[in-house]
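>>> model this:
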Amino acid sequence: MANSSESPVPLLTAVLDQIGAEIVSGTIETGQRFTLQDICARFDISRTVAREAMRALEQLRMVSSSRRVGITVLPLSEWAVFDQSIINWRLACEKGRQEQLDSLNQLRLAIEPIAARMAATRASEAEKQEIVELADRLHELEINPSRRVGEELATDLRFHSMVLYASGNEMFAALTPSLLSMLKGKSVFGSEKRNPIAGTSDLHQDLAHAIQNSRPDDAERIARSILDEARASVDENA
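Okay, here's the model as predicted:
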């Protein structure tokens, strides 16, 4: 139980994470109702902290509140599903993890190949150079894994982020954290033997060169192949 004398920011974060995770897992069911006083009593927190937590959940559209009814848990169809907090809670929840991963994978399949195609015609020289350098580093890491924990994942995330940003589509770029949560989620919660690069370093280099040499058809095709290969690798390790 939280101590009400502690700093309100850590308290707010802890309470929000706990309630959010419970809504995502179904421990707190859709349609269930409670009050600010219920939250105060459960977590031993002030009404101010409880109110801020509920406001945050309302902004995520996970709950609605009214004076007469209190706080009501809303269905998944109402949630702000692109918000990073909701994605993280769903990835951390064993019950809903696969559904979230599937949704992210489908979103990536719909967007990343088109982003790669656009990057092949819109990327600046500096962006092309960085994409090539990242692809080369991924190839090196697949042959000689880094002693630094997480370097493979960080390099892979940066590579895909650069492709999305280099597309020149600001809405694709804005989706980058959501789309790439899939990579982080599978590395954190997937098989212990999972390789973040998933045996696709050659394809990453092919994609980088297609973008560098302004070959949009090839870039789109190769980007789709990378996602297909990565998905197959995950299915094998499931």
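
>>> check residue 198 and give its pLDDT.
If you check residue 198, the pLDDT there is 64.

>>> i'd like the first residue to be 10 from this point on
Sure thing, new numbering starts at 10, so read that last one as residue 207.

>>> ranges for the strands of the protein?
42-43, 72-75, 79-82 (DSSP state E).

>>> same for the last one, what does it pack against?
Strand 79-82 is packed against strand 42-43, strand 72-75, with contacts defined by 3 or more Cβ pairs under 8 Å, 6 or more residues apart in numbering; DSSP states H and E. For the C-beta atoms, the positions are set from N, CA and C on the backbone; glycine is no exception.

>>> now the spatially most central residue of the chain: closest residue in space that isn't a chain neighbour?
Nearest to the centroid of the C-alpha atoms of the chain, with distances taken as Cα atoms, centre = their mean, sits residue 190, at 2.1 Å. For residue 190, ignoring the flanking residues on the chain, the nearest one in space by Cβ to Cβ, 6 or more residues apart in numbering is residue 96 at 4.8 Å.

>>> do the same with residue 91
residue 187 (4.9 Å).

>>> distance check, the residue of the chain most remote from its centre against residue 59.
Ranked by distance from the centre of the chain (Cα atoms, centre = their mean), the top residue is residue 77, with 36.3 Å. Distance, residue 77 to residue 59, using Cβ to Cβ, to the nearest Å: 19 Å.

>>> now do the buried residues in the longest helix along the chain.
In the chain, taking DSSP state H as the definition, the longest helix is helix 106-131. By 16 or more other Cβ atoms under 10 Å, the buried positions in helix 106-131 come out as 106, 109-110, 113-114, 117, 120-129, 131.

>>> what sits against the residue nearest to residue 190?
Applying Cβ atoms under 8 Å, 6 or more residues apart in numbering to residue 96 gives the contacts 90, 109, 113, 187, 190, 194.

>>> of these, closest to residue 101?
Proximity of these to residue 101 (Cβ to Cβ) peaks at residue 194, which lies at 8.6 Å.

>>> quick check: pLDDT value at the closest one.
At residue 194, pLDDT is 64.
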